[in-house]
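# how would this look folded up:
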Amino acid sequence: MKEGKRLGKVFIDTNIINYAIGFRDADIFAWIKEIYETIYIHQSVLDELVINKHIAQKYIDQKDWLLFNPTDNLTPEELVVYSLYVDRVTTGFANLDKKKKKERRPIKNTTNIGEIDSLAGALYLSANLICSNDFDIKEVIDDERLTVNITTDDDFQEVDEEDIDLDEELTEADLAQADTGLQQLIVQDTLEDLCCYSVAMGLATKKLVRTFFKVSHPNDKKKKLAQKLNRLNQRLAELP
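Predicted structure coming up:
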């Protein structure tokens, strides 16, 4: 039996888009469209694509993807709420760097703008998924307990502003009080997950996703790539 769509809203990150663009043997964007119910791309991610920006713009124009641009989509009052989420996620990545330094783990030399803004957008829209191969994301989600409401409302405004006094300085406690209903941690789908869902849904063969996965890691050393492929193969072996 084929697996169904990943229900809810997903924010797609720059690295996944670039992997899809770089693979010529299959239409990865067609897989993504079939796997996810509602696909968002943050304006920051769109800007990061630079020369590949027109490819993502095509899917926005076709209405396959929804562009989340806080400046255009939100009112000044709504931007206050969104900005608090940006601050919260930014602090989360800073805390992760401190933890890594303490544990003598390597620290990324990147700004994380696309990741931060996508996670903030996910918090604002109650998007339950983010598709990215940046492994810092899951650690930030877990450490900072980045949860969203389980909802079927497709409106941009997920926070009930009637429960928040916008004339006073907002705090995370204000947002927590305004949130109602069941909560769940945001779920990160990595490249490995994307490959497995593609096979489980009958969109691709195991051989094809192995090739896609391998060519998406051109800078990995042989041993490191072998470890990643081994994990992928273990999961694929469990699929029919």
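
# and the next element down the chain from the lowest-mean-pLDDT helix or strand in the chain?
Scoring the helices and strands of the chain by mean pLDDT, DSSP states H and E places helix 172-178 at the bottom, with a mean of 53. Note on helix 172-178: by DSSP states H and E, the next helix or strand toward the C-terminus is strand 183-185.

# tell me the helix or strand right after that following strand.
strand 187-189.

# just checking, what packs against that next one?
Using 3 or more Cβ pairs under 8 Å, 6 or more residues apart in numbering; DSSP states H and E, the elements in contact with strand 187-189 are strand 129-131, helix 136-144. From N, CA and C alone the C-beta is placed, and that goes for glycine too.

# report how many residues lie close to Ser83.
15 (other Cβ atoms under 10 Å).

# next: Arg24.
Neighbours of Arg24 under the rule other Cβ under 10 Å: 7.

# ok, back up a step: any chance of the helices and strands packed on strand 187-189 in a markdown table, plus distance to Gly92?
Below are the helices and strands packed on strand 187-189 laid out as a markdown table (distance: least, Cβ to Cβ, whole Å):
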| stretch | distance to Gly92 |
| --- | --- |
| strand 129-131 | 13 |
| helix 136-144 | 4 |
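
# including distance to Leu225 and mean neighbour count, could these go into CSV?
Compiled in CSV, the helices and strands packed on strand 187-189 are given as follows (distance: least, Cβ to Cβ, whole Å; neighbours: other Cβ atoms under 10 Å):
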stretch, distance to Leu225, mean neighbour count
strand 129-131, 21, 26
helix 136-144, 20, 18
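
# any idea which of the ones you listed gets closest to Lys99?
Shortest distance between Lys99 and the helices and strands packed on strand 187-189, using Cβ to Cβ, is found for helix 136-144: 7.5 Å.
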